[in-house]
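Visitor: Next one to model:
(2 chains)
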Protein chains: 2
Amino acid sequence: MAENRAILYAFWLSSCSWRVRAALHWKRIPFEERPVDIVKKEQQNTEEYRAINPHQKVPALVIDNETLVESMAIVQYLEDTRPEPALTPKSPLQRARMRELCEIVVSGIQPLQNVGLRPQFETTEQYTKFTRYWTDRGLQTLEDMLQKTAGKYCVGDQLTLADLCLLPQLYNAVTRHKLDISKYPTVSKLYESLLKEKVFQETHPQNLKSKI
Amino acid sequence: MAENRAILYAFWLSSCSWRVRAALHWKRIPFEERPVDIVKKEQQNTEEYRAINPHQKVPALVIDNETLVESMAIVQYLEDTRPEPALTPKSPLQRARMRELCEIVVSGIQPLQNVGLRPQFETTEQYTKFTRYWTDRGLQTLEDMLQKTAGKYCVGDQLTLADLCLLPQLYNAVTRHKLDISKYPTVSKLYESLLKEKVFQETHPQNLKSKI
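Guide: Numbering: from 1, shown residues only, chains lettered A, B, ... in the order given. Now for the predicted structure:
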């Protein structure tokens, strides 16, 4: 059976890795996680990992005899090939609202706070100022949008890809960027409630820390 | 009939605006474009535009009595509600390959070269160095991926969302960032051929410049 399990190459603190880990868990897809330390050991630059993902990024997922990269492409592939339990609303408008939220995180926050940006700044202070600015600005936008879309989850009462994007980014905002999210009431409320969801508890980065 | 036309709020030089403009054109959806000058006039900050899109970004699309934001959410809504002519391959694996390419542009390049980043840098030189670095690095990744996926278009011989992401970004790379893309043979070849496609000729930013 081992060869039929998906293999997730991921880093415990990577928000993009968490998106995929949570999707695999939600859809009950058997998988094995292989840690790639992209910070201290810089294992993404090894020949061994370059053979898996030439772009030296995490996550990468080996599934159905293919290697997929880019977290949103991966989670949507899982949605296409294993549609139930779903992570996308049925109505086109709700899907659009979900994707708006995903995009705010995926293109509006995550790339602008990535650890990979650090070498492009002269000082850690400049890097920190930049990443905190864009994270906070994205959270403001999310708050505005979520006030219109949120129910129990980001879009109504169904857990969707938007929640898979939101929670890992908020976890980074709070723990790594030390941002005060309490000024964003809808965001804060979702952070607290999503953290308690089984899918996030069982895929939480802290569970993986000891394995590094 | 006028009230049934979609309204696209966009800026002629915005690559995200071009993605949506091209999708509307491809799907033959009647629309009117209303220019929002996000550079010189900073019209995204006016009360009038904030009433349309509180996040002060382009594009925004008013369609089916709703206002949609975030270009990838918009184009996928168009794909969900007006599936033909399609912009997405039918096979899940090809869809994943398309989405990988989209993500490289949407989260790997576009946010890191945006004009909106300029105020966060002390000098234009620092900003330019940063934006050129990330654009070039993204192009390298695209070249690697496209060598495996491209045919006449980014993914085989069907025009897809990946082409709608790629061409506007390359146009920015060449005209705004003055990057030499000739070192990326597959990227360069696609740039030349996509520029000649009717959908891009008819939605080209230069057609709109005079209307600003």
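Visitor: Check which residues of the host helix or strand of residue A:133 are buried.
Guide: Using DSSP states H and E, residue A:133 falls within helix A:124-149. For helix A:124-149, burial by neighbour count (16 or more other C-beta atoms under 10 Å in any protein chain shown) applies to A:126-128, A:130-132, A:134-143, A:145-146, A:149. Bear in mind the C-beta positions are built from the backbone N, C-alpha and C, glycine included.
Visitor: what's the answer for stretch A:194-212, then?
Guide: A:194, A:197, A:199, A:200, A:203, A:204, A:205, A:208.
Visitor: So which residues make contact with it?
Guide: Stretch A:194-212 has contacts (C-beta atoms under 8 Å, 6 or more residues apart in numbering or on different chains) with A:12-13, A:18, A:21-22, A:25-26, A:33, A:35, A:37, A:153, A:159, A:163, A:166-167, A:170-171.
Visitor: just the helices in chain A please.
Guide: Per DSSP state H, chain A has helices spanning A:15-26, A:47-52, A:71-81, A:92-103, A:124-149, A:161-175, A:185-195, A:198-201, A:205-209. These are given in chain order.
Visitor: Save the ones you listed as a markdown table, and put in mean pLDDT too.
Guide: Shown next, in a markdown table, are those (pLDDT from 0 to 100):
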| stretch | mean pLDDT |
| --- | --- |
| helix A:15-26 | 98 |
| helix A:47-52 | 88 |
| helix A:71-81 | 98 |
| helix A:92-103 | 98 |
| helix A:124-149 | 96 |
| helix A:161-175 | 97 |
| helix A:185-195 | 98 |
| helix A:198-201 | 98 |
| helix A:205-209 | 87 |
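Visitor: Skip the chain neighbours and tell me the closest residue to residue A:17.
Guide: Nearest residue to residue A:17, sequence neighbours excluded (C-beta to C-beta, 6 or more residues apart in numbering or on different chains): residue A:10, at 3.4 Å.
Visitor: ok, the one you found touching residue A:59?
Guide: Yes. Using C-beta atoms under 8 Å, residue A:10 is in contact with residue A:59, at 4.5 Å.
Visitor: And residue A:84, how far from residue B:90?
Guide: Residue A:84 sits 20 Å away from residue B:90, going by C-beta to C-beta, to the nearest Å.
Visitor: To clarify, my last question referred to residue A:107.
Guide: Residue A:107 is 26 Å from residue B:90, by C-beta to C-beta.
Visitor: thinking again about what came up before, overlap of the contact sets of residue A:10 and residue A:59?
Guide: With C-beta under 8 Å, 6+ apart as the test, residue A:10 and residue A:59 both reach A:17, A:20, A:21.
Visitor: ok, the residue nearest to residue A:147 when sequence neighbours are not counted to chain B distance?
Guide: Leaving aside its sequence neighbours, residue A:147 sits nearest to residue A:186 (C-beta to C-beta, 6+ apart; 5.2 Å). Here residue A:186 is placed at a distance of 14 Å from chain B (C-beta to the nearest C-beta, to the nearest Å).
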